[in-house]
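Peer 1: Coordinates for the following, if possible.
(one chain, ligands or ions: 2)
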Amino acid sequence: MNYLLSKDEMDAAFHSISMDFKCYGAVEREGEVVFDRVNSFGGISEERSRYAPKEFLISRNEDVLVLGTQDRKAVFGVKSCDLKGFYIMDRQILGKDPFYTEKRRNTLFANFVCNEPCDGGFCSSFGGPVLDEYDLQILREGEMYHVMVSEKYDGYFSSFQREDSSYFTSFKEEFNRKAEPLQVEGVEDRMKWDSKLWKEYASRCISCGACNFSCPTCYCFDLYDEGGERKREWDSCILGGFTSSSAGNIRNGLDERLRQRFYHKFVYFKRSKDTYLCTGCDRCVEDCPVDIDIKEVITHDYSGE
Ligand code: SF4
Ligand code: SF4
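Peer 2: Ligands and ions are numbered 1, 2, ... in the order given. The predicted structure follows:
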C-alpha cells in the first residue's frame, strides 16, 4: 500500500512501530553517519551511513554454539542499495543460516530512497533506489513523505492518507534516466577467464579484504575454535587463507582470488540465482585503498583483449 504522510504523521507512525520494535536509525556521531538507537523519526539522518548495516544480520564475530532469541528491531534510514543487498543474500542463506534467519525475520528495515543519484554509485544499473522487495520505503518530497509499505507492516499506516503508486513509478523512471545505468545485462557472457584485468588488479591489490567487508551482499565467514567456544567471523575471498586447507590452497594466486570475487558476483550467482551479487552501492570502490573499481569489470571490453 502507498501513503502520503506529513512529518508529524511520520513521527506518529514511528511511535507506534517503537511500541513493538527496538528502533535504530542512521545518526551522525563524531562526523560519521552510523546506526544507533533512536527515539523519534525527526533525528534520523538522510545521509548514507559510513558502513552498510550488515551487522544487524551477520555479526562480525559470534559463538555458533549459542543461538539466542533476537529482539525485534526496526532500522530506519537504510539506503536502498544496502537493503537490496540483504534481499540478495536472502536467496543464498535465508532458511539455511539459523543466525541470519533469526535476525532477518525479526528485523524491519525502512529504506530512505535517495532523491538524487550519489557520486560513484550505480544502483540504477540494477533497477535503481525504488525496490521491488521491501518492508517500508520512504521517499521525502519537500515536507511530505511518500511511503510504500509491505502487507506485513501495513497496519502501522492504515489510518493515514492513501495514495496510488504513481509518484514512486514516475520518480523511478526519472531517477534511472538521470543516472545513466551501466550495461550490466550480459556481463556474465562477456567476462573472460584469462582477462588481463585480473593480473593488473593483482599487481595493485594489497589483500586487505575491505571490498568484501564493506559489501552489503557478501556473507562468507570463517569458523574457528577459541577458548572452548566455536566461533565464526567475517571472511573475504581475497584473503590468502580463504581457500587454504590441509590439502593445500586451490587459489594461491591473488589474480585467481580477484577473478573469483568478480566471477562469483557476475557469473556464478547470476546463473544459479538469476540475479547479480551486486547492487551498485560503490562501497567496495570507496573503501579500496588502491582504487580498484568494480564498474570497470562491468564495462571492460573483453573482446578487444
Ligand atoms: S558495488 Fe561493490 S560493495 Fe556494492 S554491492 Fe557491488 S560489489 Fe558489493
Ligand atoms: S579493497 Fe582493494 S586492495 Fe583491498 S582486497 Fe579489495 S581489491 Fe584488494
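
Peer 1: just the helices in the stretch 151-300 of the chain please.
Peer 2: 166-179, 187-190, 196-202, 210-213, 254-263, 269-273, 283-287, 294-299 (DSSP state H, counting those that start in this stretch).

Peer 1: ok, now which ones touch the residue of the stretch 51-200 of the chain found nearest ligand 1?
Peer 2: In the stretch 51-200 of the chain, the residue that lies nearest ligand 1 is Gly85 (5.6 Å; C-beta to the nearest ligand atom). Just so you know, the C-beta spots here come from the backbone N, C-alpha and C atoms, and that holds for glycine as well. Counting by C-beta atoms under 8 Å, 6 or more residues apart in numbering, Gly85 touches 52, 54, 215-217, 279, 281.

Peer 1: So what touches the helix or strand bottoming out on mean pLDDT in the chain?
Peer 2: Between all helices and strands in the chain, the lowest mean by mean pLDDT, DSSP states H and E belongs to strand 244-245, at a mean of 86. Residues outside strand 244-245 that contact it (C-beta under 8 Å, 6+ apart): none.

Peer 1: One more: stretch 293-305?
Peer 2: So stretch 293-305 is contacted by 122, 125, 182-184, 187, 190-192, 195-197, 211, 262, 265-266, 278, 282, 284-285 (C-beta under 8 Å, 6+ apart).

Peer 1: Now a PyMOL select for only the buried ones of those.
Peer 2: Here is the PyMOL command that picks out the buried ones among the contacts of stretch 293-305, judged by 16 or more other C-beta atoms under 10 Å:
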select buried, resi 122+125+184+187+190+191+195+197+211+262+265+266+278+282+284+285
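
Peer 1: picking up where we left off before, please convert the helices of the stretch 151-300 of the chain to a markdown table, extending it with distance to ligand 1.
Peer 2: Shown next, in a markdown table, are those (distance: least, C-beta to the nearest ligand atom, whole Å):
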| stretch | distance to ligand 1 |
| --- | --- |
| helix 166-179 | 14 |
| helix 187-190 | 12 |
| helix 196-202 | 14 |
| helix 210-213 | 7 |
| helix 254-263 | 8 |
| helix 269-273 | 11 |
| helix 283-287 | 3 |
| helix 294-299 | 5 |
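
Peer 1: How about residues contacting whichever strand or helix holds Tyr24?
Peer 2: Here Tyr24, judged by DSSP states H and E, is contained in strand 22-29. Applying C-beta under 8 Å, 6+ apart, the external contacts of strand 22-29 come out as 14, 17, 33-39, 43-49, 56, 71-78, 112.

Peer 1: and with 7 Å instead?
Peer 2: 17, 33-38, 43-45, 47, 49, 71-77 (C-beta atoms under 7 Å, 6 or more residues apart in numbering).

Peer 1: swap in stretch 148-160?
Peer 2: Against stretch 148-160 from outside (C-beta under 7 Å, 6+ apart): 1-3, 5, 9, 13, 16-17, 108, 134-137, 147, 168.

Peer 1: tell me which residues of it are tucked away?
Peer 2: Buried-residue list, stretch 148-160, by 16+ other C-beta under 10 Å: 148-149, 153, 156-157, 160.

Peer 1: and of those residues, the nearest to ligand 2?
Peer 2: Of the buried residues of stretch 148-160, the one sitting nearest to ligand 2 (C-beta to the nearest ligand atom) turns out to be Met148, at 34.1 Å.

Peer 1: Quick check: pLDDT value at that closest one.
Peer 2: You'll see Met148 listed with a pLDDT of 97.

Peer 1: Equivalent analysis for Asp293, please.
Peer 2: 97.

Peer 1: What separation is there between it and Gly253?
Peer 2: Look at Asp293 and Gly253: by C-beta to C-beta, to the nearest Å, they are 21 Å apart.

Peer 1: pLDDT below threshold where in this protein?
Peer 2: Per-residue confidence for the chain (pLDDT under 70) gives no ranges below the cut-off.

Peer 1: Got the domain ranges for it?
Peer 2: Per automatic domain parsing, the structural domains of the chain span 2-179, 187-304.

Peer 1: Out of those, which gets nearest to ligand 2?
Peer 2: domain 187-304 (3.2 Å).

Peer 1: Could you work out the end-to-end span of that closest one for me?
Peer 2: Using C-alpha to C-alpha, to the nearest Å, the end-to-end distance of domain 187-304 comes out at 15 Å.

Peer 1: what about it, distance to the chain center?
Peer 2: 16 Å (C-alpha atoms, centre = their mean, to the nearest Å).
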